[in-house]
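Asker: got a predicted model here, sequence first, then my questions.
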Amino acid sequence: MNVLIAFLPILLIIVFLLGIIKLASRIRIWTPKRTSWVILIYFMLGVISLIGILIMQDKTTKTLSKQQLKVALEEEQKIDELYGADKFDQIPADYFVFTNSYEGTAEDIEITLGGNVYNTRVAVTWNDSESNHIIATYYETPIIFKRMDISKDIQPPTIEFKNNHFYITEEEMQFDFTSIQVNLEMLKPIDYDQMSYSLDHFIGNRILHLNVPKHFNIIDNSGWVD
Amino acid sequence: MDFNAQSTTPIYIQIAEWLENEILAVRLLPEGKVYSQYQLAEIFNINPATAGKGLTILVENEILFKKRGLGMFVVADAKERILATRRNHNLTKMAQEIVHEAKRLAVSDEELITLIKQIQKEG
Amino acid sequence: MTSLNNVSLAQNIWQQLLWKCRTFSSTFTTVLIVQIIFSVLSSGSGSSGGSYGSLLYNESIYSLDLLFIISIFSAIMLGWLLATQSIRNDNYSVVTTNFTETVSTLLFLVVLSIFTVFSALSSLYITVFTRLLFFDQVMVIKSALFEISTLFIFLIFVLIAGSASYFAKTLFDISKITFLLLTIVIIYSMQTGGISESTFFEFFLVQSMGEMLGKVLLVLTIFWGLTIAIRQRREVIRR
Amino acid sequence: MIQCEELEKRYGKSNVLTNVSFQIEEPKIIGLIGRNGVGKSTLLKLVAGHLKETGGNVQVFGKRPFNALHVAANVILIEDKMSFPPIFTLKEILLHAKRFYPNFATELAFDLLLYVGISEKNEHMQLSKGQTAVFNLIYGLATRCAVTLLDEPMNGMDEAVRADMYRAILKDYIAFPRLIIMSSHYLQEMEHLIEDILLLHEGVVELYAPLEEVQQMALRIVGQKEEIEPLLEKVHVFYKREQSPLFEAIIENNGLEIPASVKSQSLSASEVCKYLTSSKEGTIDDIFK
């Protein structure tokens, strides 16, 4: 019923249009011959547009296939396991992005995560080194958002170290896009499975690993650091 | 010709009379072909069946005859036959009317005969 | 005697179908104009936006959905119009019977539905392409550009909508009371009985193609059969 | 070709045709005559299969016309209210007709249209009443259907066009004989054209006979009252009027001897029909007594 009410304006507009068409038919614009020409031209325009869309592929992006998404999802889970087990040295070299070394001068090191740090996970591990070097390593698996590979648009998080205080923020990113779906979304089966739900959202790992000598004391301001 | 659809004389009789007049005027020749019922229908703007009935009367009166597949033709002595019939038929009718009129006017038989003879004399 | 014309049923229906494609050609333009106007007025079928941490996104979706709804409404209206008396009377200036008149109109509805599907497809391509030409934005193709099964489903719903409305008008003409009662029952059950538009869609959208085809054929047979049965008995009344 | 047996047609409670029986076997032009509202149009529509009979039966080419394709293909009914799709011009209407009527005389139709001065670029809806009638008649004639039913075809036409159209009907009939049934109020106008008269009165066929027979059916006699009155006892009297000193009567013509002193005259078919269908034993004069 709600849908019916929602489309009442549409119905009204259609009725209004019908009135116009009826008026137009009185002055004989739409002879059968002209109508068939208009139809033919319109269909040809449609075909030309389709070809145009295919040709202008540099401006279009394809979504990843289900198979590719599944592979990516499995990879994400594998990395998740490594992350959970603190086995950072086993993360494949492909995903290594950068590593930095910072020198701590006080016993207490604070970490503050920017409010928008949501995708990047920060983990701290300890080592027995006597030095004051804190080593930050950033890994990133391909980032897939809404079935699109947007890795190349993603900026690594920025790490600022000042007065023994880490400020970790993510670059805010506006991502506008147009999508074409030559299908009927409204008629899609309602039973979305968990799989397709996760496929449709965010796939990918962004991991910042801080390797800290034991004599430092980490103070976590956000509560999100593992 | 004074053909009249609104007349009380049936059309087919008018057609028959017209054909007879044409024969008398020798516009239709003895042994010659007569108009078909369709030609007559077009000429007089009437139903072909009506025209056909006009022709049929003349066939019955042996003024026309049918040749199978060829149409209607005028019999050799058509003119004489027409004249004879008209004499018999029309003259009798006219005479009847004269006699009635005479009665109404109280003209005696002798007086009427005298009148006729007088008219014949004057020619 | 002029010779008698021999016309077979199929021949007559075919001739009438061709004739109707011309006499009802304004229905094609109606569909086309409505689709064009809605494509121009709306920017796609909708948009969604949000943020995912530092990732803010804005998606404009161009899909067949809006065109589909518009097409359904057009089909309902045109189906109703095609059943009106005056259109039927025009039909009797050529060789026709109630049966061939109705069957050819139903076949015309099929033609109209096929046309509607392809013009919707064209409309979508044209809007997307113009957007691609004039707006510099990432365009994501989220489905196959041409998908037979989608078009088939589109076609079927438009056809069923048209046939149902053609039947409704037929019923309306023969007995306004029956029509009214039926409408009330449907609206009442939609309000209270848990039947909604999606019930109809769900009825047809089953996983197996064969089952769906069976259901479609069943529904069409019912609508068409009843329409023909009712219209068979109607007399020609010219006013 | 056409057979009606005890044909009956009711609209709701009103009975239009109660018992119509007749049979037509060969191509001819028939005049369908009757008073207003007697059911002439109804009969034609039944024959054309536009209406469904409520009783009795009607057969055209041996088939029940209602919903019969063979009948529809060979019968055309031309009437005032005939309508064509508004999207077509007259030209397109005529060009399309050939697809449905294989015998359609497209050239003849265009020639006639040109002759009567109706532009083929017109739309059917734009035509005046008279032009509509002319176009419909041309259409009906051009279809050359074996059964052509013309319901008041000349309604709204002017005098000159009528004469031309009657001639057109006759010419085309001669070239392509078929059954033409023409209904009209003006029997006089088409008397010369028709072969048979089918007279409807009070829901039944009052008369179905050749035109000539109809003409011979009645006599008008005028004379003195004392001369006429004894005659009236022996025959059926359709009408009598006493306007002293004259006494006028219309009587059945059954070979009765008429005294020479009484003026007798046969009637035209339309007059006969008028008297056959006049209300029983009365005239307008009775109202003013």
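Answerer: Here it is on my side, so go on.
Asker: which phi and psi does B:Val74 have?
Answerer: phi -80, psi 130 (degrees, to the nearest 10).
Asker: can you pull the contacts of it?
Answerer: B:23, B:28-32, B:34, B:63-64 (Cβ atoms under 8 Å, 6 or more residues apart in numbering or on different chains). C-beta here means a position set from N, CA and C on the backbone, and glycine is covered the same way.
Asker: that one bridge partners, please.
Answerer: As for beta bridges, B:Val74 partners with B:Leu64 under DSSP bridges.
Asker: closest to chain A among the contacts of B:Val74?
Answerer: Distance to chain A, by Cβ to the nearest Cβ, is smallest for B:Val34 among those, at 53.6 Å.
Asker: right, and that closest one touches B:Leu70 too?
Answerer: No. At 10.9 Å, B:Val34 does not count as touching B:Leu70 under the criterion of Cβ atoms under 8 Å.
Asker: who has more neighbours, the two?
Answerer: B:Val34 (23 against 8; other Cβ atoms under 10 Å in any protein chain shown).
Asker: what does the longest helix seen in chain A rub up against?
Answerer: In chain A, assigned by DSSP state H, the helix with the most residues is helix A:32-55. By Cβ under 8 Å, 6+ apart, the surrounding residues in contact with helix A:32-55 are A:60, A:180, C:21-23, C:25-26, C:28-29, C:32, C:115, C:118-119, C:121-123, C:125-126, C:128-130, C:132-133, C:139, C:141, C:145-146, D:87, D:92.
Asker: separate out the buried members of these.
Answerer: For the contacts of helix A:32-55, a neighbour count by 16 or more other Cβ atoms under 10 Å in any protein chain shown gives the buried set as A:60, A:180, C:21-23, C:25-26, C:28-29, C:32, C:115, C:118-119, C:121-123, C:125-126, C:128-129, C:132, C:139, C:141, D:87, D:92.
Asker: OK, contacts around the nearest residue to A:Asp80 once chain neighbours are set aside?
Answerer: Leaving aside its sequence neighbours, A:Asp80 sits nearest to A:Asn205 (Cβ to Cβ, 6 or more residues apart in numbering or on different chains; 6.8 Å). A:Asn205 sits next to A:76, A:79-80, A:83, A:95, A:121, A:139-141 when contact means Cβ under 8 Å, 6+ apart.
Asker: among those residues, who's most crowded?
Answerer: Busiest of these [other Cβ under 10 Å] is A:Tyr139, holding 24 neighbours.
Asker: ok, now how distant is that one from A:Asn205?
Answerer: Distance, A:Tyr139 to A:Asn205, by Cβ to Cβ, to the nearest Å: 7 Å.
Asker: which neighbours do these two share?
Answerer: A:79, A:95.
Asker: check which helix or strand the residue nearest the centre of chain C maps to.
Answerer: What sits nearest the mean C-alpha location of chain C, by Cα atoms, centre = their mean, is C:Val158, with 2.9 Å. Using DSSP states H and E, C:Val158 sits within helix C:148-174.
Asker: continuing past that helix, what's the next helix or strand?
Answerer: Assigned by DSSP H and E, the successor of helix C:148-174 is helix C:176-192.
Asker: buried stuff in whatever helix or strand comes next after that following helix?
Answerer: Going down the chain from helix C:176-192, the next helix or strand is helix C:197-204, by DSSP H and E. For helix C:197-204, the neighbour count (16+ other Cβ under 10 Å) marks C:Phe204 as buried.
Asker: likewise stretch A:148-156?
Answerer: A:148-150, A:154.
Asker: filter those residues down to the ones near chain C?
Answerer: A:Met148 (Cβ under 8 Å from any Cβ of the partner chain).
Asker: any chance of the buried residues of stretch A:148-156 in CSV, with secondary structure, pLDDT and distance to D:Glu226 too?
Answerer: Output for the buried residues of stretch A:148-156, formatted as CSV (DSSP: H, G, I helix; E, B strand; the rest coil; pLDDT from 0 to 100; distance: Cβ to Cβ, whole Å):
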residue, secondary structure, pLDDT, distance to D:Glu226
A:Met148, strand, 81, 119
A:Asp149, strand, 81, 124
A:Ile150, coil, 80, 124
A:Ile154, coil, 80, 129
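Asker: what sits against the closest residue to chain A within the stretch 1-150 of chain D?
Answerer: Residue of the stretch 1-150 of chain D nearest chain A, by Cβ to the nearest Cβ: D:Ile87 (6.5 Å). Neighbouring residues of D:Ile87 by Cβ under 8 Å, 6+ apart: A:25, A:30-32, C:22-23, C:25-26.
Asker: looking at this, it is in a strand?
Answerer: No. Assessed with DSSP: H, G, I helix; E, B strand; the rest coil, D:Ile87 is coil; it does not lie in a strand.
Asker: does the longest helix along chain C reach chain D?
Answerer: Criterion DSSP H: the longest helix present in chain C is helix C:98-134. Yes. Counting by Cβ under 8 Å from any Cβ, chain D is contacted by helix C:98-134 at C:98-100.
Asker: quick one: which of those residues is nearest chain D?
Answerer: C:Asn98 (5.2 Å).
Asker: now for the closest one, how many residues are close by?
Answerer: 23.
Asker: so where does the nearest residue to B:Tyr35 once chain neighbours are set aside fall, helix or strand?
Answerer: In space, B:Tyr35 comes closest to B:Ile43 once its chain neighbours are excluded; the distance is 7.0 Å by Cβ to Cβ, 6+ apart. Per DSSP H and E, B:Ile43 falls inside helix B:37-44.
Asker: how about residues contacting that helix?
Answerer: With Cβ under 8 Å, 6+ apart, helix B:37-44 has contacts from B:3, B:11, B:15, B:35, B:46-52, B:54-55, D:170-171, D:174, D:192.
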